[in-house]
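Novice: here's my sequence, what's the structure:
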Amino acid sequence: MTAYQTNLFINPHAQPLSEYGPEQRALLNQEAFADVEAEVTNFPGYQQTPLIALKGCAAASGIDALWCKHEGYRFEVGSFKPTGPVYAMLSVLKSEIKKVTCVETVTTQDLIDRKYQSVTQEIVVSAATSGNHGRALAWGARMFGCRCVIYMNDSVSAGREEAIAGYGAEVVRVPGNYDRAVQRCYTDAKTFGYFVVSDDKSAQYPHIAGAIMQGYTMVADEIFHQLLNVQLPTHVFVPGGGGRFAGATCGHLWDRYGSNHPRIVVVEPTTSACLYQSMIENRAAIVSGDSQSIMNGLVVESASSQAWDILREGAFAFLTIPDEAAIDAIRQAAAGIGGDSPIVIGETGIAAWAGFLAATRDTDLRQQLGLDCHSRVVIIATEGATDPEVYCKLVGTSPEAVLAGINTQSTE
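Specialist: Numbers count the residues shown, from 1 in each chain. Okay, the predicted model is just below:
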């Protein structure tokens, strides 16, 4: 097997025996997580997403154990996103209802029951997206009875637009890259009075970006509980992007496990690696916004400064990978290895698996990351086939056929 062209940065700031400190706890903490848990677990249809044991792939990769946390089963949205943006939008809706009605307490169940529909139907939440964020927000808006406007740059697939529109949201296409869509989103919000629920700070509700990251800790907490009765994981591979999900995963597992926390490996496309660049510059960095990758949801210009405050101290390594690794990993997951069941993962959601694949193909990477026969690894797949047409082009068959074990071949 030929090794991929990768870049690896081992974080000199990460101290394996360090405790979760006050600076990190000011951003993510168990008290705030208690509210996340209370809200998200009561959304209609909530259930933990599966942590799938991959014994065949672990054996083939020369490690002790491997699990895939599969967010493709998160509600009906098919990605991890409802845990963040949908949780964050609740505070916007409740606050606006209180302003209009002067009611002291508004519950999430009140929203689901349409108790204040006369108010919520006039509220518009908005965001820029390359797919999953907008889909989750549209789903939440439908659930809570408000309006939703989503901005997408013109390189995002038609299938992702159709999925968002299917929840009743208005989709606005913006020429150029993702950051042009972000700019248009904020301009329109100021003009029309929309409420932006985004990873970027909002003048109306500046806490929203932090609430999104706190909401994402739900995924890491499920992993923690799902592995309570087994040996602790040694590594967790997580996708990068702007860093909020990676930061939430890193911070929450660090807080939960203390000084014995697993090594967090952040994976990004080589063409758009703002977190890797942040390590080089030792600050939250900005990279070109005109880059392209099959892992389109991770093509982000700016690293989140809040997430960076956690990742800078807590993440073990930052790994960039080519699109070739992502495609191979999608096919590997679809084929199954050594008796593993086939798994359907989308082109952005595959990043962590692709990073693991790249690492285990390269002797030097294995050594630097400390991957050996004793390693117990979790890879977080952040989406299912949220665009079935794109998935079919990459794998050569439909998601349904993959799950039925039809026409899949191993890349090994």
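
Novice: for burial, what's the neighbour tally of the residue lying closest to Gly145 once chain neighbours are set aside?
Specialist: Distance criterion Cβ to Cβ, 6 or more residues apart in numbering; nearest residue to Gly145, sequence neighbours excluded, is Thr120 at 4.4 Å. Where you see a C-beta, it was placed from the backbone N, CA and C, and this is true even at glycine. A total of 21 residues lie near Thr120 under the criterion other Cβ atoms under 10 Å.

Novice: then Lys99?
Specialist: With other Cβ under 10 Å as criterion, Lys99 counts 10.

Novice: my guess is it is in a helix, correct?
Specialist: Yes. Under DSSP: H, G, I helix; E, B strand; the rest coil, Lys99 sits within a helix.

Novice: so what's it up against?
Specialist: By Cβ atoms under 8 Å, 6 or more residues apart in numbering, Lys99 lies in contact with nothing.

Novice: where's it relative to Ala136, distance?
Specialist: Applying Cβ to Cβ, to the nearest Å, the value for Lys99 to Ala136 is 25 Å.

Novice: ok, Gly215 next?
Specialist: For Gly215, the distance to Ala136 - Cβ to Cβ - is 10 Å.

Novice: joint contacts of those two?
Specialist: Counting by Cβ under 8 Å, 6+ apart, the residues touching both Gly215 and Ala136 are 84-86.

Novice: which one of those residues is nearest Thr191?
Specialist: Nearest to Thr191, judged by Cβ to Cβ, of those is Pro85 at 21.8 Å.

Novice: any stretches of the stretch 251-400 of the chain with poor pLDDT?
Specialist: Along the stretch 251-400 of the chain, the model assigns pLDDT under 70 to no residue.

Novice: just the stretch 51-200 of the chain next, same as before
Specialist: Scanning the stretch 51-200 of the chain residue by residue, none of them satisfies pLDDT under 70.

Novice: for it, just list every one of the helices.
Specialist: 55-61, 85-101, 108-112, 117-120, 132-144, 158-165, 178-192 (DSSP state H, counting those that start in this stretch).

Novice: out of those, which is the most enclosed?
Specialist: helix 132-144 (a mean of 26; mean count of other Cβ atoms under 10 Å).

Novice: and that one, what does it pack against?
Specialist: Packed against helix 132-144, as judged by 3 or more Cβ pairs under 8 Å, 6 or more residues apart in numbering; DSSP states H and E, are the following elements: helix 85-101, helix 108-112, strand 124-128, strand 147-153, helix 158-165.

Novice: include distance to Ala284 when you put the ones you listed into JSON lines, please.
Specialist: Shown next, in JSON lines, are these (distance: least, Cβ to Cβ, whole Å):
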{"stretch": "helix 85-101", "distance to Ala284": "20"}
{"stretch": "helix 108-112", "distance to Ala284": "33"}
{"stretch": "strand 124-128", "distance to Ala284": "19"}
{"stretch": "strand 147-153", "distance to Ala284": "22"}
{"stretch": "helix 158-165", "distance to Ala284": "27"}
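
Novice: on that earlier part again, would you turn the helices of the stretch 51-200 of the chain into CSV with distance to Glu37?
Specialist: What follows is the helices of the stretch 51-200 of the chain, written out as CSV (distance: least, Cβ to Cβ, whole Å):
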stretch, distance to Glu37
helix 55-61, 30
helix 85-101, 10
helix 108-112, 13
helix 117-120, 24
helix 132-144, 17
helix 158-165, 27
helix 178-192, 29
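
Novice: and Ile10, which of those helices is closest to it?
Specialist: Once those are compared by Cβ to Cβ, helix 55-61 is nearest, at 20.1 Å.

Novice: how far does the closest one sit from the chain's center?
Specialist: On the basis of Cα atoms, centre = their mean, to the nearest Å, helix 55-61 sits 25 Å off its chain's mean C-alpha point.

Novice: have a look at this protein and report its longest helix.
Specialist: helix 208-226 (DSSP state H).

Novice: what's the mean pLDDT across the helix or strand following it?
Specialist: Remark: after helix 208-226, the chain's next helix or strand is strand 235-239, criterion DSSP states H and E. Here strand 235-239 scores 98 as its mean pLDDT.

Novice: repeat that for stretch 201-218.
Specialist: Computed over stretch 201-218, the mean pLDDT rounds to 89.

Novice: list the buried residues of that stretch.
Specialist: Neighbour-count burial for stretch 201-218, counted by 16 or more other Cβ atoms under 10 Å, picks out 201-202, 205, 208-218.

Novice: got the CA coordinates for that stretch in PDB?
Specialist: Extracted in PDB, the C-alpha atoms of stretch 201-218 (Å, rounded to 0.1, in the frame of the first residue of the first chain):
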ATOM      1  CA  LYS A 201     -20.200  35.700  16.700                       C
ATOM      2  CA  SER A 202     -23.500  37.500  16.400                       C
ATOM      3  CA  ALA A 203     -24.100  41.000  17.600                       C
ATOM      4  CA  GLN A 204     -27.600  40.100  18.700                       C
ATOM      5  CA  TYR A 205     -26.700  37.000  20.600                       C
ATOM      6  CA  PRO A 206     -22.900  36.800  21.100                       C
ATOM      7  CA  HIS A 207     -23.100  33.600  23.200                       C
ATOM      8  CA  ILE A 208     -24.400  31.600  20.300                       C
ATOM      9  CA  ALA A 209     -21.100  30.400  18.900                       C
ATOM     10  CA  GLY A 210     -20.100  29.200  22.300                       C
ATOM     11  CA  ALA A 211     -23.400  27.500  22.800                       C
ATOM     12  CA  ILE A 212     -23.000  25.600  19.500                       C
ATOM     13  CA  MET A 213     -19.600  24.300  20.700                       C
ATOM     14  CA  GLN A 214     -21.000  23.300  24.100                       C
ATOM     15  CA  GLY A 215     -23.900  21.500  22.300                       C
ATOM     16  CA  TYR A 216     -21.400  19.500  20.300                       C
ATOM     17  CA  THR A 217     -20.000  18.000  23.500                       C
ATOM     18  CA  MET A 218     -23.100  15.700  23.500                       C
END
